[in-house]
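Undergrad: fold the following and give me the result.
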Amino acid sequence: MDDLMNLDLDGGSLPAPSPNKKTRSSRAQQVVNQSIKREATQGNLENLPSTRLERGIDNGNPTLTAIFVKAGGGKPDRIDLSFLLDFPGLTDSFAEGFLKWFKPLKQITRVTSLGQLRTHWFTYLAEQGLTKIDITKLDEQIIVGYNTWLHHRRKADGKPLHPKTIGQTLSSLRSCLSTIPQGRTLAEMVPLGPPGAGRKTEATSVLTLHELLSVMAAVEKEILALRDRWAKGRQLLELGRQRLLDGAVLERNPKESEKARSEENLALALAMLDQLYPGMLPGLDAIYSDNRLLSNTVNSAFTHGLVASYLYSTNRDLVPLALSIALATAFNANTVLTLQWKNIDRKIDRLSNSGRAVKFEVKDYEHDYNDGGEDIPEDTSPLTKITGDKPRARYQIVRLLDPEASGPNQVSLNLVLDLLLDLTARIRPLVVQEDHKDRIFIAAPKQQMSKFPPRGFGREDRAAGDTNWQDALGYFIRDNHLPAFSLKTIRATLMDYVQLLNRGDLQAARQVGNHASRVTTWTHYTSNLVKQLLQESTGETMLVRERWLQSSGKMDPRKFREWTDKGCATPGWMCLDPFDSPRSNQKKDRLCTAYGECPDCPLAAARIDNPHNVMLYEALRHAIYRSATSMTASMWQERWAQVVTALDALLAQVPVRLLDESRQIVVELPNVG
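TA: Prediction:
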């Protein structure tokens, strides 16, 4: 007998056990007696509109079930808590705690959280012989012992529990205890779990430059094909409507007739379908019941998918369009797939931005914006502002994009947005889910069309996990022979390149990703390759600084970094291998310190086409001659005469125009020697 005893969430604790009789019955027998009595007086109370506990009997065994009424009505959710009856001193308190804690949660969260506690917390109590313990006897020693037990527990394969599992299990216990009046103090004693347990140790994998370019090429190819298909569909519809007006009829015997497969017959069938079904096309069975020849023509001559592709979008059609938006914005995957038209403004005045649109709103050390040197034509198209809604973020992220920033026969943002408007216009009025009606990505289901209305991808926070999206993306990858990737991969790759193109600026990538902390950008969105490059760059900086200190500031590449190699000992020069200098008094694997000797070094390279470099070469010549007063004649002759000879030979090759231009700039280098 099930579902016999009920307890309202707001009605207090579980009913007290029945009074002791002369012969004391077991607790299980007490539950059975109470259940029989309540069933006789109240009957089955399953449909009571309240969150409650129900006691019952199943095959002679007592049961305890938590009932959670759904907000929209329907059959309530049920959670089996019968295992609590093995812990009589904790049953009432934890059952009440589960009710309060679980009431606002989703059913999958309830099942997962309860499973964690049953597998770990209650197993620990049983192993420690604490099945009879009362809630008032739980103390800090038991909590600490549980934490230690979790850290030493092994799974079936002999491996320890993952730190994230330990943290989640402790969090579940803390949440449950905090809802129990007697357990609130205990909840504060539950530790937070291993530090950093929820932090990723590996960054999201990224695409190589070649792979990224391959994805972009595939996206562009498919969007152009989609544009051409849609244009052809409009032409066919126009032709078919005219044929209908002229009284044309479909070709007979479509399975055998060649004429049935002609474009004229396709156009006529398309116009008939458009007339019969102004929204989404039904399945072939429904078409057959309305028009047998039309159904046979669609099925035998063209296929249902082909004719539908000329009328509205499918999930597969949306993949290249979604990827193009992701490549243009670097938005989070869920943000891309749940974009709404209300968040896209295609009429931003270009002049109001005081410059051309930029792809990413990040600091650029060169020129992101128009500096006034180039006039912006007044007849250019307006900019497009896309606002990405990221629920967990502190503020929304905005991208200001040039909708026509593409070459001839290439995909532009305007083309993508126009296609999305056209492909979804027919089926948008059929969308049922309120939060999907304004989404830019909606599609008709490929199968069982009469049962499911058009919709977007998944819930707001889990759109990228929708199987419809994942399946469609998988087909896109296979059709174009691409490496496996996701929208998350695209975002991580773009943020990687933001760092590379901004000289390793983590702050630039953080701004693109809209992350509250640079730690998030570093741990989640910086690939191992970029980390290695940035670490190598840090090491080089330390070596250059060490050389700067040893030379008392004489060798400082920061002063002329635009025109020099930082590994080179002399400003204005480039070095093929600064860690293996052939000059005297230099050690292998140590940064070269032969300041001033680069003109006579076989590993050095010069730039005589840049007046700034030429300026530094002449400044070095003056410094060498100026230093002659501080050294002996034999030293100058032995060490520096050959350097001056090589330097003079180099300067003789500089064009007169560049030499005159370089002499307009005055700079002085430190003495040599």
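Undergrad: and Lys132, helix, strand or coil?
TA: coil (DSSP: H, G, I helix; E, B strand; the rest coil).
Undergrad: which one is it nearest to, not counting chain neighbours?
TA: Nearest residue to Lys132, sequence neighbours excluded (C-beta to C-beta, 6 or more residues apart in numbering): Gly89, at 6.0 Å. Glycine gets a C-beta too; all of them are placed from N, C-alpha and C.
Undergrad: quick one: contacts for that neighbour?
TA: 132-135, 137 (C-beta atoms under 8 Å, 6 or more residues apart in numbering).
Undergrad: repeat the analysis, applying 7 Å as the threshold.
TA: Contact analysis of Gly89 by C-beta atoms under 7 Å, 6 or more residues apart in numbering lists 132-135.
Undergrad: among those, who's most crowded?
TA: Neighbour counts for the contacts of Gly89 were taken using other C-beta atoms under 10 Å; the highest belongs to Ile135, with 19 neighbours.
Undergrad: you'd agree that one is up against Arg184?
TA: No. Between Ile135 and Arg184 there is no contact under C-beta atoms under 7 Å: 11.6 Å.
Undergrad: buried residues in the helix or strand in which the residue nearest to Lys132 is found?
TA: Under the criterion of DSSP states H and E, Gly89 resides in helix 88-102. Buried residues in helix 88-102, counted by 16 or more other C-beta atoms under 10 Å: 89-99, 101-102.
Undergrad: what's the next secondary structure element after that helix?
TA: helix 107-116.
Undergrad: which residues are contacting that following helix?
TA: 77, 79, 102, 168-169, 172.
Undergrad: now, which of the residues you listed lie within strands?
TA: Among the contacts of helix 107-116, the members falling in strands (DSSP state E) are 77, 79.
Undergrad: count the residues that sit near Pro578.
TA: Neighbour tally, Pro578, other C-beta under 10 Å: 24.
Undergrad: may I have the phi/psi pair for it?
TA: phi -70, psi -10 (degrees, to the nearest 10).
Undergrad: poorly predicted segments of the stretch 201-350 of the chain, please.
TA: Residue ranges of the stretch 201-350 of the chain with pLDDT under 70: 201-204, 350.
Undergrad: in it, which spans are helices?
TA: For the stretch 201-350 of the chain, the helices defined by DSSP state H, counting those that start in this stretch cover 209-245, 263-276, 284-290, 292-297, 304-309, 315-329, 333-337.
Undergrad: give me the distance from the shortest one to the chain's centre.
TA: What that stands for is helix 333-337. Remark: helix 333-337 is offset 8 Å from the chain centroid, using C-alpha atoms, centre = their mean, to the nearest Å.
Undergrad: cool, and the fifth one?
TA: Offset of helix 304-309 from its chain centre (C-alpha atoms, centre = their mean): 32 Å.
Undergrad: list the buried ones in it?
TA: 304, 307-309.
Undergrad: which one of these is nearest Asp58?
TA: Asp58 has its nearest neighbour among these in His304, at 49.1 Å by C-beta to C-beta.
Undergrad: who touches the closest one in this structure?
TA: 284, 298.
Undergrad: in which helix or strand does the closest residue to Arg316 other than its chain neighbours reside?
TA: Spatial nearest neighbour of Arg316, excluding adjacent residues (C-beta to C-beta, 6+ apart): Ala472 at 4.7 Å. For Ala472, the element it lies in under DSSP H and E is helix 467-479.
Undergrad: tilt between that helix and helix 209-245?
TA: 110 degrees (axes from the mean of the first three to the mean of the last three C-alpha atoms, to 10 degrees).
Undergrad: quick one, helix 467-479 and helix 315-329 angle?
TA: 80 degrees.
Undergrad: what helices or strands is helix 467-479 leaning on?
TA: helix 315-329 (3 or more C-beta pairs under 7 Å, 6 or more residues apart in numbering; DSSP states H and E).
Undergrad: and the contacts of the helix it packs on?
TA: 216, 219, 222-223, 226, 336-337, 339, 359, 386, 388, 399, 401, 411, 413, 416, 419-420, 423, 441, 443, 446, 468-469, 472-473, 475-476, 487, 490-491.
Undergrad: of those residues, just the buried ones, PyMOL syntax please.
TA: Listed next is the PyMOL selection for buried residues among the contacts of helix 315-329, using 16+ other C-beta under 10 Å:
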select buried, resi 219+222+223+226+336+337+339+359+386+388+399+401+411+413+416+419+420+423+441+443+446+468+469+472+473+476+487+490+491
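Undergrad: what are the boundaries of the helices in the stretch 401-550 of the chain?
TA: 413-425, 467-479, 487-501, 506-513, 518-525, 528-550.
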